[in-house]
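In: Compute the structure for the input listed below.
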Amino acid sequence: YEEAIPYLKEYQGERGKWNNTDYYQLGYAYFQQEDYEAAISEFNKIIGGSNAVAQNAYYHLAQSYLKTDKKQQALNAFKNASEMDFNAEIKADAALNYAKLSYEIGNSYASTPQVLMDYLEAYPNSPAKDEINELLVNSFITSKNYEEAMRLLKGNRNFQNNVVYQQV
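Out: Sure, this is the predicted structure:
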């Protein structure tokens, strides 16, 4: 990637104009070199994309934002990547990160419990199911929605945290 960057930067594009794939390739090269600010700059040049390249770009943009501690921007990018259907693995991982970040920093698009429940509904067999269930119970407790917390705890026989159950 280090050797590719100078060539990518010199590239003039097709008919003198770069397309989204060109920006993605340079951004990804920067990402692999851990130059996250430069990667963010390139990924943000991708506009109007609704394809696999755009989904990958949003995902790596979100990862770059996380590496630079820009969590709100990462939340937005994970949301965009999770709403595209081009790569199921990226979609699922972006949705998981979107749910976790929603819990951590809040979410202006939807309530945190709703985002967590949406994730569990979309990915019922996820390896992160128990973790998300725990975040969901905690989000109900934080928002003082004890009825929903009790309903979730009673409906989930696998939930092992008796202290939380007693607290609710």
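In: CA only for contacts and neighbour counts going forward, please
Out: Fine.
In: ok, now how distant is residue 36 from residue 88?
Out: 25 Å (Cα to Cα, to the nearest Å).
In: Which one's more surrounded, the two?
Out: Higher neighbour count among residue 36 and residue 88: residue 36, with 23 against 11, using other Cα atoms under 10 Å.
In: what about the closest residue to that one other than its chain neighbours, how many neighbours?
Out: Leaving aside its sequence neighbours, residue 36 sits nearest to residue 64 (Cα to Cα, 6 or more residues apart in numbering; 5.1 Å). Number of residues near residue 64 (other Cα under 10 Å) recorded here: 28.
In: need the contact list for residue 64.
Out: Residue 64 makes contacts with 31, 36-37, 39-40, 74, as judged by Cα atoms under 8 Å, 6 or more residues apart in numbering.
In: Please tell me how far the residue of the chain most remote from its centre sits from residue 107.
Out: Computed with Cα atoms, centre = their mean, the residue of the chain farthest from its C-alpha average is residue 15, at 34.5 Å. From residue 15 over to residue 107 the distance is 42 Å, taken as Cα to Cα.
In: picking up where we left off before, just the local confidence number for the residue farthest from the centre of the chain, please.
Out: Residue 15 is assigned 92 on the pLDDT scale.
In: same check, this time on residue 137
Out: 87.
In: Figure out the helix or strand that the residue nearest to the spatial centre of the chain lives in.
Out: Taking Cα atoms, centre = their mean as the criterion, residue 78 is the residue nearest the geometric centre of the chain, at 2.9 Å. Using DSSP states H and E, residue 78 sits in helix 71-82.
In: Convert the C-alpha atoms of that helix to CSV, please.
Out: Taking only C-alpha atoms (Å, rounded to 0.1, in the frame of the first residue of the first chain), the coordinates of helix 71-82 have been written out as CSV:
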residue,chain,number,x,y,z
LYS,A,71,-17.6,8.6,17.3
GLN,A,72,-20.6,10.6,16.1
GLN,A,73,-19.2,10.6,12.5
ALA,A,74,-18.5,6.9,12.9
LEU,A,75,-22.1,6.3,14.0
ASN,A,76,-23.3,8.1,10.8
ALA,A,77,-21.0,6.1,8.5
PHE,A,78,-21.8,2.8,10.2
LYS,A,79,-25.5,3.6,9.8
ASN,A,80,-25.0,4.2,6.0
ALA,A,81,-23.0,1.0,5.6
SER,A,82,-25.6,-1.0,7.5
